[in-house]
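Asks: Sharing a model that was predicted from the sequence below.
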Amino acid sequence: MKAVDEGVLLRGSVANGLRIGAICASMTNVYDWCKENSYFFLGPSWVNRFWATAAATGVGVACSMPFDAVRVRMHTMRPLPNGRLPYNSSWDCFKKMLYFESSSKH
């Protein structure tokens, strides 16, 4: 993939923006909730920050992974033998991933 190809630098930009938004929206709430509730039971302790950070990181990773998978596919896609790209947009990539690669039977 060459950087001079048209649109190659903007592929997956919507998915990347949604990934960053999912990380910010999910992690801050979980961190605050865990830290506030553990302070009530444990008092001022380093354990509050440690477990709140661990819980928030787990939730943030789980929320951002679908968007990250779409972003990586959009960035690394190559033209098919007929010259067309496999995905038209981030939404198209997500739909095809869900339809063709989900564990449920069609």
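Replies: Perfect, thanks for sending it.
Asks: For the rest of this, base every contact and every neighbour count on C-alpha atoms.
Replies: Fine.
Asks: give me the element the residue nearest the centre of the chain is part of.
Replies: The residue lying closest to the centre of the chain (CA atoms, centre = their mean) is Ser64, at 2.4 Å. For Ser64, the element it lies in under DSSP states H and E is helix 46-76.
Asks: Check Ala22 too.
Replies: Applying DSSP H and E, one finds Ala22 within helix 13-42.
Asks: still on that earlier bit, report the angle between the helix holding Ser64 and helix 13-42.
Replies: 170 degrees (axes from the mean of the first three to the mean of the last three CA atoms, to 10 degrees).
Asks: List the buried residues of helix 46-76.
Replies: Of all the residues in helix 46-76, those buried under the rule 16 or more other CA atoms under 10 Å are 48-49, 52-53, 56-57, 59-61, 63-64, 67-71, 73-74.
Asks: by contact count, what packs against the helix or strand immediately after that helix in the chain?
Replies: Under the assignment DSSP H and E, the closest C-terminal helix or strand after helix 46-76 is helix 90-101. Where contact means 3 or more CA pairs under 8 Å, 6 or more residues apart in numbering; DSSP states H and E, helix 90-101 is packed against helix 46-76.
Asks: how far is the helix it packs on from where the chain is centred?
Replies: How far helix 46-76 lies from its chain's middle: 7 Å, per CA atoms, centre = their mean, to the nearest Å.
Asks: Which strands and helices lie in contact with that helix?
Replies: Short answer (3+ CA pairs under 8 Å, 6+ apart): helix 46-76 packs on helix 13-42, helix 90-101.
Asks: Run the chain-centre distance for the lowest-mean-pLDDT helix or strand in the chain.
Replies: The helix or strand of the chain with the poorest confidence is helix 13-42; it has a mean of 85 (mean pLDDT, DSSP states H and E). Its chain's average C-alpha position is 13 Å from that of helix 13-42, according to CA atoms, centre = their mean.
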